[in-house]
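Q: pasted the sequence and its predicted model underneath.
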Amino acid sequence: MSTTTHDLERNRRAARLARPAVASPRPDVASPPGITPEAGGVEISIVLPCLNEEDAIGGCIDTIKAIISKQKLNAEILVVDNASTDRSAEIAREHGARVVSQPARGYGNAYLKGFAEARGRFIVMADADNTYDFNEIADFVAPLRQGYDLVMGNRFTGRMAPGAMTWSHRYIGNPILSGLLNLFFHTGVRDAHCGMRAFTKSAYERMHLRTGGMEFASEMVINAAKAGLKITEKPIAYHPRIGESKLHTLRDGWRHLRFMLLYSPTHLFLLPGALLTLSGLLALTLLLPGPFLLFGHGWDVHAMVLACLVTLVGYQVISLGLFARFFSLTEHLDGERDRLLRWLDRTISLERGLAVGGMITAIGLLLDGWVFTRWLAVHMGPLNEVRPAIYATTLIALGVQTMFSAFFLSLLRMRKGQV
């Protein structure tokens, strides 16, 4: 289909704006060698997700084609049309790219479709908005030839053009999210949300990616670390985008944070739960003999009731964390490198859970029995044994919860073929 004069002028303008400035072949000229080889013969697949990028997509493709020709790369350009409502897909085809359609919108959905369709042994991913320097494609592939599995771009150690990234993203959003990701998963990646990356086809298969939204960027780094992939970073240039941004700061930031928390039951459940449980039990034990003087104030029965609540809530959170851990194991969301998960898998069993829960319950019942004998001693009259009663009630609740949690964990383990 021929384009109108207005469309041709707009595409030429986008090509001139593309960085780096290289001579772009005309759309009506045949693609250089390596662009469309026979299936199975491609070494590099350059995947561009595209949602309403008609102002930039033509220039990006022309630039990549010129670079492929100049550097003699055996590569294909694959554009994933993510339900665009403009002429993006049509322009991509006119400029010589292979276009596949992904009607389900979402950053992750687009890339999952593109990676599945990619023919190359090496996959390079980048945005179709002209923010990245496509001259660096070969530099991204080089570490893969040397044995690395995933190459991440780092915009903060490279050259960032004025206006390429907002102040809040540069100094608040990205550093905080990348820092939390490293704290939770020890990835060592300093720019976890850079959109230009390269990896091997085998590494992609080992990462088991599945999320459909912007959290896909975090999932790739997390899963790569969990799978033990060899990761390196490369400083890159970053330029202002052409066209309208699809990023929603608060919504997408929350999606990344939510995903990291859900993917890390240790930090979401186990650590907070352990802190609450241990502090609650400590307070209960200190208050059991009588009022406890602290910070110049006497802490008594009311504080003990609060400590009971804190203990039970904390233990419930720990239980949920264990359930989440074993669910992630049965659903293959956690890698075999997770040492805590492996230890829990070896240590926790139904019989041990019943034994520990039964012992805790028995101690609570014995303490309650002592309170009962005290009541009988006063001929079932008024009794002032509130502290041991609260302590006993807490222990019984913990013991019963431990036993039933052991049954539920065993139910989860059955999905792995364990009993």
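A: Thanks, I have the structure now.
Q: okay, now the closest residue to residue 87 other than its chain neighbours: neighbour count?
A: Excluding the flanking residues, the one nearest residue 87 by CB to CB, 6 or more residues apart in numbering is residue 54, at 4.8 Å. In this view, the C-beta of every residue, glycine as well, is placed from N, C-alpha and C. Residues lying near residue 54 (other CB atoms under 10 Å) number 21.
Q: I'd guessed residue 54 sits against residue 92; true?
A: No - using CB atoms under 8 Å, residue 54 makes no contact with residue 92, being 9.2 Å away.
Q: which helices and strands does the longest helix seen in the chain pack with?
A: As assigned by DSSP state H, the longest helix anywhere in the chain is helix 301-330. Counting contacts by 3 or more CB pairs under 8 Å, 6 or more residues apart in numbering; DSSP states H and E, helix 301-330 packs against helix 265, helix 271-287, helix 339-347, helix 386-413.
Q: so which of those gets nearest residue 139?
A: Residue 139 sits nearest to helix 339-347 of all the helices and strands packed on helix 301-330, at 34.9 Å, using CB to CB.
Q: output the helix or strand containing residue 67 as CSV, nothing but the C-alphas.
A: Element membership of residue 67 [criterion: DSSP states H and E] is helix 57-71. What follows is helix 57-71 as a C-alpha-only set of coordinates in CSV (Å, rounded to 0.1, in the frame of the first residue of the first chain):
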residue,chain,number,x,y,z
ILE,A,57,8.7,3.3,14.4
GLY,A,58,9.7,4.0,10.8
GLY,A,59,12.9,5.8,11.8
CYS,A,60,13.8,3.1,14.3
ILE,A,61,13.5,0.4,11.7
ASP,A,62,15.5,2.3,9.1
THR,A,63,18.2,3.0,11.6
ILE,A,64,18.4,-0.6,12.7
LYS,A,65,18.5,-1.8,9.0
ALA,A,66,21.4,0.5,8.2
ILE,A,67,23.3,-0.7,11.3
ILE,A,68,22.7,-4.4,10.4
SER,A,69,24.0,-3.7,6.9
LYS,A,70,27.0,-1.7,8.1
GLN,A,71,28.0,-4.2,10.9
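Q: determine how far it lies from the middle of the whole chain.
A: With CA atoms, centre = their mean, to the nearest Å as the basis, helix 57-71 stands 32 Å off its chain's centre.
Q: list the buried residues for it?
A: Using 16 or more other CB atoms under 10 Å as the test for burial, helix 57-71 gives 57-69.
Q: now do stretch 397-415
A: Neighbour-count burial for stretch 397-415 [16+ other CB under 10 Å]: 397, 398, 399, 401, 402, 403, 405, 406, 409, 410, 412, 413.
Q: so for it, mean pLDDT?
A: Taken as a whole, stretch 397-415 carries a mean pLDDT of 87.
Q: if I look at the residue nearest to the spatial centre of the chain, how far off is residue 167?
A: With distances taken as CA atoms, centre = their mean, the residue of the chain nearest its centroid is residue 219 (3.4 Å). Going from residue 219 to residue 167 by CB to CB, to the nearest Å gives 27 Å.
Q: ok, now residue 320?
A: 38 Å.
Q: so which of these two has more stuff around it?
A: The neighbour comparison of residue 320 against residue 167 (other CB under 10 Å) goes to residue 320, with 16 against 8.
Q: list the residues that contact residue 52.
A: Residue 52 makes contacts with 84, 85, 86, 88, 243, 244, as judged by CB atoms under 8 Å, 6 or more residues apart in numbering.
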